[in-house]
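*Asks:* Here's my sequence, what's the structure:
(chains A, B, C and D)
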There are 2 protein chains.
Amino acid sequence: MAKKVVPEAERRRRRPTRQGQVLSEALIVETALRMLHEHGSAGLTARRLGAALGTDPSTVYRYFAGLDGLTRAIGEELMGRALDTWRATGEWRADLRALGLAIHASYLAHPQAAVLTASRVTGRPREIEVDETILGILRGAGFPDVDAVAVYHAFIDLALAFAALDAGALALKDEARERDERMWNSTYARLPAATHPHIAATARLLAERMNRSAYPTVLETLLDGAAERLVGAGRLGG
Amino acid sequence: MAKKVVPEAERRRRRPTRQGQVLSEALIVETALRMLHEHGSAGLTARRLGAALGTDPSTVYRYFAGLDGLTRAIGEELMGRALDTWRATGEWRADLRALGLAIHASYLAHPQAAVLTASRVTGRPREIEVDETILGILRGAGFPDVDAVAVYHAFIDLALAFAALDAGALALKDEARERDERMWNSTYARLPAATHPHIAATARLLAERMNRSAYPTVLETLLDGAAERLVGAGRLGG
DNA sequence: GGCTTAATGTCTACGGCGTTGGCATAAGGG
DNA sequence: CCCTTATGCCAACGCCGTAGACATTAAGCC
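*Replies:* Numbers count the residues shown, from 1 in each chain, chains lettered A, B, ... in the order given. Take a look at the predicted model:
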């Protein structure tokens, strides 16, 4: 832990860096995102961040409790961006679908960052806002609380899990360019039918499909399941 | 990259370490897994591994192309273990369910290792074997190739994505003990109903549910969806 | 059994990392 | 205008992954 981290809200003095840069949490997060894009998911280092900000590396520790704290703030930022692009329509299925895709897309827009953050629960405001929103959609649609919580749990974990998985693939593609991308066209497509009949038989279909995300399909399946739960509950409840 | 990595199969000379240890890929992977358990997911370092093996750290590079190569071998090992605990029954739904749960369980048995490997596609033998198995189950059950591939894609990505997500939570719990675990009982349970009515209304249900994995539920939903796809295809095809 | 050769383990070193503690300084309140 | 202290800067610590040169010894051959 650094000496003491002053929360952004209580910050008064804004002493500029030797190079004239005035720091803030937002600026640091933004710069970190850019560095992740430029140098890959392992490229976020205090020293490089300092250089990019025109600052001594250790200054970052006045704003975040270590790089780990910065990482959590980045996750919070991505979640916030998802929420900002989303609009409610009142139709629960459409709203959930759009929100799920927005979260997924927001993380995939910064795959190198997503790799670091998507599987972490931060408990920060924007993340809580997303949770509240999802529960609101479900309870508003008439799901009994037990079902609303069950669907919420599946929904949010699905979104985050696929965000992390797909971001991993995408980040790898950017970093170790194409090595992985061609796996399905090279390694898998060349397996002999004698030892791997099923892969051999479907190689073309696999190559077509495996470079896309399974998330939209799985999400739709989940929504189907939820819809059935809803009519079931309706029958019982009223 | 190290100087040159000799594949395990072509290894002849087995010169023991100064401390009498005879090395092998298997021994190194096993030791790495133990170290991950003992020191957490960031605790796998060449130096520590060397110490645990009674070896100079750089020796590891004779067996793996860097720690990254070792990491991939660990992933392969976990996937192999999942396959080894699984038995086919001939009933596609039961077989898929069991295989999915086996993969998930195998990774969660070593959460710190799973965090490092679950979102990486290795293209190594046991991983390919799993893929072949899944496709075999689906095609054997009568799924047309297009559907088999679609369900396969959703199935394997779902298993890996949740393995990574849940392992992340579990590894965190072991390392930063309970800080995260109590999130749902502390942070979330204390949100005022005025600002977060839906979370407040369901706080008790959330606390109960959020510390378990959503994977079994989601997997079941996916299998439901697949079953409907199958009867649909049956109607069209025959 | 002795010789050769190259596989394997060991040593040393490089550049980079996160993080801390002490210090200088200038912003803002009075 | 002075005081306080938040804030930025500096130097240093103990890690890290990994490469290159070197030492040793097992295996293959006669």
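*Asks:* quick check: longest helix of chain A.
*Replies:* The helix of greatest length in chain A, counted in residues with DSSP state H as the criterion, is given as helix A:145-175.
*Asks:* so does it get close to DNA strand D?
*Replies:* No: judged by C-beta under 7 Å from any atom of the strand, helix A:145-175 stays clear of DNA strand D, getting no closer than 13.3 Å. C-beta coordinates here come from the backbone N, C-alpha and C atoms, glycine included.
*Asks:* Just the buried positions in that helix, please.
*Replies:* Going by neighbour count (16 or more other C-beta atoms under 10 Å in any protein chain shown), the buried part of helix A:145-175 is A:145, A:147-172, A:175.
*Asks:* Give the rounded mean pLDDT of that helix.
*Replies:* Mean pLDDT, taken over the full extent of helix A:145-175, equals 92.
*Asks:* Tell me the helices and strands packed up against the next helix or strand after it.
*Replies:* Read in the C-terminal direction, the helix or strand following helix A:145-175 is helix A:197-209, with elements assigned using DSSP states H and E. In terms of contact count using 3 or more C-beta pairs under 8 Å, 6 or more residues apart in numbering or on different chains; DSSP states H and E, helix A:197-209 is assigned the packing partners helix B:125-140, helix B:145-175.
*Asks:* Report the angle between the lowest-mean-pLDDT helix or strand in chain A and helix A:145-175.
*Replies:* Least confident helix or strand, chain A: helix A:215-237 with a mean of 90, by mean pLDDT, DSSP states H and E. Relative orientation of helix A:215-237 with respect to helix A:145-175: 180 degrees, computed using axes from the mean of the first three to the mean of the last three C-alpha atoms, to 10 degrees.
*Asks:* Which residues does helix A:215-237 contact?
*Replies:* Residues from elsewhere that reach helix A:215-237, judged by C-beta atoms under 8 Å, 6 or more residues apart in numbering or on different chains: A:93, A:96-97, A:100-101, A:104, A:138, A:141-144, A:147, A:150-151, A:154-155, A:158-159, A:162, A:166, B:150, B:153-154, B:157-158, B:218, B:221-222, B:224-225.
*Asks:* for stretch A:117-124, same thing?
*Replies:* For stretch A:117-124, the surrounding residues in contact (C-beta under 8 Å, 6+ apart) are A:71-76, A:78, A:107, A:127, A:160-161, A:163-164, A:167, B:115, B:164-165, B:168-169, B:172, B:180, B:183, B:187-188.
*Asks:* circling back to that earlier point, near chain B at all, the longest helix of chain A?
*Replies:* Yes: for helix A:145-175, a contact with chain B is found by C-beta under 8 Å from any C-beta of the partner chain, at A:145-146, A:148-150, A:153-154, A:157-158, A:160-162, A:164-165, A:168-169, A:172.
*Asks:* buried set for the least confident helix or strand of chain A?
*Replies:* By neighbour count, and taking 16+ other C-beta under 10 Å as the criterion, the buried residues in helix A:215-237 are A:215, A:217, A:218, A:219, A:221, A:222, A:223, A:225, A:226, A:229, A:230, A:233.
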